[in-house]
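Student: Build me a model:
(4 chains)
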Protein chains: 4
Amino acid sequence: MLAITAAVSRQSALADQYAEVRQRSVALAAPLSAEDAMVQSMPDASPAKWHLAHTTWFFERFVLGADAAYQPVQPDWHFLFNSYYETIGPAHARPQRGLLSRPSLDQVQAYRRRIDSSVLALLRGGALDDAILDHLQLGLQHEQQHQELLLTDIKHALWSNPLQPAYRDDLPIPATGTAGPLQWIESGEHIAWIGAPAWPDDAGFAYDNESPRHRVLVPAHALASRPVSNAEYAAFIADGGYRQVQLWMSEGWALCQAGQWQHPLYWDDALQREYTLGGWRVLDPHAPVCHISYFEADAYARWAGARLPTEFEWEAAASADAEDGSPADDGRLHPQAGQGSSGSPRLHGEVWEWTSSAYGPYPGFRTFPGSLGEYNGKFMCGQWILRGGSCATPRGHVRASYRNFFDPSARWQFSGVRLARDIQ
Amino acid sequence: MLAITAAVSRQSALADQYAEVRQRSVALAAPLSAEDAMVQSMPDASPAKWHLAHTTWFFERFVLGADAAYQPVQPDWHFLFNSYYETIGPAHARPQRGLLSRPSLDQVQAYRRRIDSSVLALLRGGALDDAILDHLQLGLQHEQQHQELLLTDIKHALWSNPLQPAYRDDLPIPATGTAGPLQWIESGEHIAWIGAPAWPDDAGFAYDNESPRHRVLVPAHALASRPVSNAEYAAFIADGGYRQVQLWMSEGWALCQAGQWQHPLYWDDALQREYTLGGWRVLDPHAPVCHISYFEADAYARWAGARLPTEFEWEAAASADAEDGSPADDGRLHPQAGQGSSGSPRLHGEVWEWTSSAYGPYPGFRTFPGSLGEYNGKFMCGQWILRGGSCATPRGHVRASYRNFFDPSARWQFSGVRLARDIQ
Amino acid sequence: MLAITAAVSRQSALADQYAEVRQRSVALAAPLSAEDAMVQSMPDASPAKWHLAHTTWFFERFVLGADAAYQPVQPDWHFLFNSYYETIGPAHARPQRGLLSRPSLDQVQAYRRRIDSSVLALLRGGALDDAILDHLQLGLQHEQQHQELLLTDIKHALWSNPLQPAYRDDLPIPATGTAGPLQWIESGEHIAWIGAPAWPDDAGFAYDNESPRHRVLVPAHALASRPVSNAEYAAFIADGGYRQVQLWMSEGWALCQAGQWQHPLYWDDALQREYTLGGWRVLDPHAPVCHISYFEADAYARWAGARLPTEFEWEAAASADAEDGSPADDGRLHPQAGQGSSGSPRLHGEVWEWTSSAYGPYPGFRTFPGSLGEYNGKFMCGQWILRGGSCATPRGHVRASYRNFFDPSARWQFSGVRLARDIQ
Amino acid sequence: MLAITAAVSRQSALADQYAEVRQRSVALAAPLSAEDAMVQSMPDASPAKWHLAHTTWFFERFVLGADAAYQPVQPDWHFLFNSYYETIGPAHARPQRGLLSRPSLDQVQAYRRRIDSSVLALLRGGALDDAILDHLQLGLQHEQQHQELLLTDIKHALWSNPLQPAYRDDLPIPATGTAGPLQWIESGEHIAWIGAPAWPDDAGFAYDNESPRHRVLVPAHALASRPVSNAEYAAFIADGGYRQVQLWMSEGWALCQAGQWQHPLYWDDALQREYTLGGWRVLDPHAPVCHISYFEADAYARWAGARLPTEFEWEAAASADAEDGSPADDGRLHPQAGQGSSGSPRLHGEVWEWTSSAYGPYPGFRTFPGSLGEYNGKFMCGQWILRGGSCATPRGHVRASYRNFFDPSARWQFSGVRLARDIQ
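Tutor: I've put the predicted structure just below:
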């Protein structure tokens, strides 16, 4: 009886979350014209319209489509809005997503409403199997990931237009704070529990790549009390950081030379201003530096006589910390100073923090079953782990065990750097 | 007094033409959503919105801008809508035109209206210098060229979408005709006058690349009475035309292999249907074959025991022919059978006809003065001449001396082939 | 007095090793014509002549050149034979190494003799500083690495020639053995000491990337008693391993498709024979599979219901094992069956074994000082660890802590796979 | 009886020529080591060894192989040394020619001797069919073409080596002359006979692309009395010729920017010296400028207020001129001043002269029969005509009707420029 109640309660809670999460995507796209929503400025990014459609397709395919009798709204959209689930069929080539003038943004919005209506009807009907609810819950997490990507992708898209318009002119300006002196939080060698119990066996959601929860020997080290600030990063630039080969990984140096990198992605060449979702603004020297690649983070750390933390050091320090605020919800969409006073890495930490850890499986790792096994596992080569969440990460979408991952050359995410160092 | 009258009359006539030509561009874009108008499906093509803006910029820059006191509507649009006039400043990279969600289609339409208003006010005011009127007249010809490009570019764009929607669902179906037996029109060796007198010294408009009018010795030859039909081209395919290396230019064979060419660009693999601006349709065996590259035209000719005509042979045959109809205006936007009954190449000949002539300067060639000298001259290397006009060419935009030119690999234009052969 | 004796003894021992190692390189190049020694069949490989010259340059630059008064033999060769030490000056572009007809192989051999003469004179003279001896010792290890590369590079070069000649026709045929049943060696969770003490502070040589020696928590797991055999790998192929997307990392699948991979690099399409340094031979089903990429190793493991071991699991199992034979010295230069009877991974294990570990720094890692800091550290991103040594690894060049690393797409090394799996 | 005598005489004369031409190739390769003879510095160039082998293969395949019973010396070399005759089978990829360490240079030389022996035995035997003799004669012309390519390719190869050695240290220094004032030779409009009668019907050799001999209307024009000199070209550079976009074809400007062209290929950046087959030398201001692309020739002409001549203007002026000297045979292998005093373009004119004519078929053009039809015809798209012969062209290999052709971007041939201009 209790179990039934719990199931009902879960179903009901998911219905509420569904409405809320789905609405937030629509709200994020609201400032965009149909034309804005179609731009794909590089192969790694997707148009906002595609994000809106793909997240919807995910529910159609994995929730509604679990009923074998389900008839897709538009069967030929399956090819368009499948991202990379090759076990369920071929997909439209990623670099071509910007060519899709059809379906229109209006059609995609109507598609969203229709699927929402069907999903909510399902949720408000009889009790659903756990497997369906699991797919639904995963779909909500998935959509939250795409919400952050929608923001980083549209930022890149609008910046790529020579007119460089703002995403929104009415974004609140981040509070002016001070970075505070950088402190080193020391930690002796110890065995830490890393990762999360495997969901859905465990009630708390976690991606497959976060489990099994396992033990790791964390060496003695010190972790910086806050991320590197713009002022600190500017000192690295002023000292010739982008011209000193010995500070760089070999591959990073090649990219730096070929791309003529001289500063973080969205800074101006005078190092005075940065492009934000609210348009061009004066750089805040106290705010965390942002939009740097792994290679820049690593070069900075070497210049500073330090190194990047491992993802285990990061998680071991963060795990005691309750979620303490949700910057994305205050609508700034840009990092502000003052983070990290507590001395341990914060979730929603203004910027994602590059770690020195390559993205790989935990001991005993198992992918989600079926086609959803393609969600995370097949990218476990060549990607690097970022931890912490950013000012653009949705509320409720971070946890200490969360493993974000990107190519080490990626710069268009809200990615920054926290230092670590060895101690004896 | 007569001269003044003539000038007034020219200015007045240009005002009428201006209104008409400008309106036609708007009409061509009318079936397109803002999203459709933004697609750039390959570097060689441009979005419809860009065509609308660039043609407007041309008038703003070269007509209104001739007044040194003129203030541009949006100074930062100059960079966006300059195509390739490097002597007046840098331009936005061509392959990036599809990223321009801003300015919006609405803004571009408003820009058109504003410039139209200014230009028409100018034309309806006092008598203008000939130089201004010349630029205006050139601007109208320029816009007509872009009207055809708008159609070929949007055809490619919509076809590139896996949904392959029609540009318009209401296009009239081309009349069913018969190709008629192919006849050979013989011509003995003779000296022909080729080209047009230099405009604007001569009243009749012609591009700089069409002059000077000069004498060419045309050898004895025979010219086919009509272009090659779909049925004839299908016989070439059936005979293994795309698999016989000896039929092809070396460069063409490499493209054919790399691109896995097996038929004209817009045919289906079953060789039964073709994609048109009105959507997918059954192939008409009598209609001229269309959307083939120079290399395919040349291979076909070799297979048929013939060759491509030179542009001089073409012009010598065509020059006696008055303009005889204007297919584009009847709204089909697709070639139909029955062309060429007259025995000489028709202007508005359903398809542009590849010639064997590389695009080069005529003896005594001079570019237009100033920055407009970049219009044609700098492309006189590596391009091939097409003659005749197509079903998508605007009324009034063709003449016997007209020299269209494209890269020999180009397939997305309404390009076909007429045979020639040597005679003793 | 003892210290002096030890120093003298070290210097004397190094002189002996120097002569031996240097001679072995010459012997490896002996079967090659000057033309063979010049081939560079891909950017990742180098010509044999270049290996001979670069290893010599290393001694000239870092041993003889430690004397500020030293005059280089050919100052303009510095640019040619510097590999990637950017802190000591620019270097000839790696993909262009195959263009160097000059200096000739004869000149390079003369260069070797001249530098050998100088180095040996130095070693047989007065007692040298430890720093010089350290550079010399590093130079010998460096040359041994290039000896294996010379073999793998020339194998690829000769195979790339349509005639596919053998490197040597007189190579001994590997003994026919049996792979033996695959056994799983279990190990409980434990803390292992990983890595080597930092050289040269510690007497035993190790690269900087092998230290510091540190503690790692190794989870409970089972390790296969031997590498995967050709017969086992053939079963994977027969089961469609190269066509099942769900077995592959995303990046690996893309490479597999683009490169049309269907079997290990040097197998024939009939899966019956393989190209070896001794020419084409029938595949031995019992011998370890070889010349596969990380992606193939990983896909195989997934197909087999297992996974790749971490480098820590590998080292923990191997460290108790004394060096037990030196296949390279028996001159086979091809893996043979029978390895691994002992149940722990063997050094000189016939094939390098891909691990699941990305190449990164150990906690407390410090590069070698000065320009030699570029030796290993700057590649710690995007490379994957292989362990164990191969049939082409020189005697004395392996140890349990040795970390070989290559791009996960690399196939031209003697690289194979050993399975691991999780246990509860 | 007379016919028989003529045939015998032809066969005998060809035997003499054969010996002489074949020997000259060997002599040209004599200064090269086996390593030098293997370098391929760019896809457009071939190794000297490949030239030696391919020209031999040509005789083996088209002369000896005409006997169906003939057994090839090495059947698997057919694939290696076929260049582009696709109708007789696949060929080794051109950009991979530099990987062929086998067969060795010694083997290729032995192959030459063996084929020479067979061919000479054939020639000294009974009377051969005309068809065989035609193939032999064509093979000799073919080998002469490759002699010039061998020189230009090895020049590029040695220059690409950072050591930049000379091909030969003992080349005679070109005589110091003066360029003489540039004069304009005027010519009124007239009909000229262009081209050569079709060989072998006509006794005089000509390639298929030189016929039929036909009539062309040449417009009134003036032709410069000599090629442009280094001093004149230096003035173009000093005036910013490489930085003025309006002087350039669009495609040429893109290449100029991408390749950072600032001067002819082999000049130093100080514009004082040039790399020659005899090594680096001081530029002779009076000598013809050399190693420029079509785009540079064209830009120079525009800067000079002139244009390039058509190939018809060139041939009409040259045809009256007997062959007057054979620079290549005096062994300079570098252009010298003083050419062109006669006022009409000279054959062996020190440098090949770019014309404004795209390479295309003459009216009535027929390729050689059979596979030899691939010799010239399939390149008649995208190449530009050069006329005149160079200091590296073998004696006996030029004539007024000779049509050399290269990609307009090519710079590694001995290519220069002669001006023309229109007259009323």
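Student: So which residues on the stretch 101-250 of chain A come close to chain C?
Tutor: Contact residues, the stretch 101-250 of chain A versus chain C (Cβ under 8 Å from any Cβ of the partner chain): A:189, A:191, A:214-217, A:219, A:221, A:245-246, A:248-250. C-betas here are computed from N, CA, C, even on glycine.
Student: Keep only these that also lie close to chain D.
Tutor: Applying Cβ under 8 Å from any Cβ to those, none is adjacent to chain D.
Student: Keep only those of these that are in strands.
Tutor: Mapping those onto strands (DSSP state E) picks out A:191, A:214-217, A:221.
Student: Give me the buried subset of those.
Tutor: Neighbour-count burial (16 or more other Cβ atoms under 10 Å in any protein chain shown) applied to these gives A:214, A:216-217, A:221.
Student: quick one on the thing from earlier: pLDDT added to the residues of the stretch 101-250 of chain A next to chain C, as JSON lines?
Tutor: Conversion of these to JSON lines gives the following (pLDDT from 0 to 100):
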{"residue": "A:Glu189", "pLDDT": "96"}
{"residue": "A:Ile191", "pLDDT": "97"}
{"residue": "A:His214", "pLDDT": "97"}
{"residue": "A:Arg215", "pLDDT": "97"}
{"residue": "A:Val216", "pLDDT": "97"}
{"residue": "A:Leu217", "pLDDT": "98"}
{"residue": "A:Pro219", "pLDDT": "97"}
{"residue": "A:His221", "pLDDT": "97"}
{"residue": "A:Val245", "pLDDT": "96"}
{"residue": "A:Gln246", "pLDDT": "95"}
{"residue": "A:Trp248", "pLDDT": "97"}
{"residue": "A:Met249", "pLDDT": "97"}
{"residue": "A:Ser250", "pLDDT": "96"}
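Student: rewinding a little: between the ones in strands among the residues of the stretch 101-250 of chain A next to chain C, which sits nearest C:Ala287?
Tutor: Of all those, C:Ala287 sits closest to A:His214, with 35.9 Å by Cβ to Cβ.
Student: Could you check stretch A:146-154 against chain B for contacts?
Tutor: No. Judged by Cβ under 8 Å from any Cβ, stretch A:146-154 makes no contact with chain B; its nearest approach is 9.6 Å.
Student: quick one, helices of chain A?
Tutor: A:2-29, A:48-62, A:77-81, A:105-124, A:130-160, A:230-238, A:250-258, A:294-303, A:311-318 (DSSP state H).
Student: residues contacting the closest residue to A:Asp134 other than its chain neighbours?
Tutor: In space, and not counting its chain neighbours, A:Asp134 is closest to A:Pro200: 4.7 Å by Cβ to Cβ, 6 or more residues apart in numbering or on different chains. Going by Cβ atoms under 8 Å, 6 or more residues apart in numbering or on different chains, A:Pro200 touches A:130, A:134, A:137.
Student: burial of the closest residue to A:Pro31 other than its chain neighbours, as a residue count?
Tutor: Nearest residue to A:Pro31 in three dimensions, chain neighbours excluded: A:Arg168, at 4.8 Å (Cβ to Cβ, 6+ apart). Counted with other Cβ atoms under 10 Å in any protein chain shown, residues neighbouring A:Arg168 total 15.
Student: Determine the number of other residues adjacent to the residue of the stretch 301-424 of chain A found nearest chain B.
Tutor: Using Cβ to the nearest Cβ, the single residue of the stretch 301-424 of chain A nearest to chain B is A:Trp412, 14.4 Å away. By the criterion of other Cβ under 10 Å, A:Trp412 has 21 neighbours.
Student: contacting residues around it?
Tutor: Counted by Cβ under 8 Å, 6+ apart, A:Trp412 has contacts A:42, A:44-45, A:152-153, A:155-156, A:265, A:291.
Student: Return the residues in contact with the nearest residue to A:Glu60 once chain neighbours are set aside.
Tutor: The shortest distance from A:Glu60 to any residue other than its chain neighbours is 5.3 Å, reached at A:Ile115 (Cβ to Cβ, 6+ apart). If you count contacts by Cβ under 8 Å, 6+ apart, A:Ile115 has them with A:56, A:59-60, A:64, A:73.
Student: farthest pair in those residues?
Tutor: The farthest-apart pair in the contacts of A:Ile115, when distances are taken by Cβ to Cβ, is A:Phe59 and A:Val73, at 11.3 Å.
Student: For the stretch 101-250 of chain A, what lies in contact range of chain B?
Tutor: So the stretch 101-250 of chain A meets chain B at A:101-105, A:157-158, A:160-163, A:165 (Cβ under 8 Å from any Cβ).
Student: Kindly recompute the last result at 6 Å.
Tutor: Residues of the stretch 101-250 of chain A that fall close to chain B, judged by Cβ under 6 Å from any Cβ of the partner chain: A:101-102, A:104, A:160-163, A:165.
Student: hang on, the earlier thing: what's the spacing between the residue nearest to A:Asp134 and B:Pro408?
Tutor: Distance from A:Pro200 to B:Pro408, counting by Cβ to Cβ, to the nearest Å: 60 Å.
Student: now A:Ala258
Tutor: A:Ala258 is 33 Å from B:Pro408, by Cβ to Cβ.
Student: Looking at those two, which has the bigger crowd around it?
Tutor: For A:Ala258 versus B:Pro408, neighbours defined as other Cβ under 10 Å are more numerous around B:Pro408 (22 against 8).
Student: doesn't B:Trp384 make contact with that one?
Tutor: Yes. Between B:Pro408 and B:Trp384 there is a contact under Cβ atoms under 6 Å: 4.7 Å.
Student: who's in contact with A:Ala306?
Tutor: A:419, A:421 (Cβ atoms under 6 Å, 6 or more residues apart in numbering or on different chains).
Student: Contact partners for A:Ala420?
Tutor: By Cβ under 6 Å, 6+ apart, the contact set of A:Ala420 is A:221, A:223, A:307, A:309, A:313.
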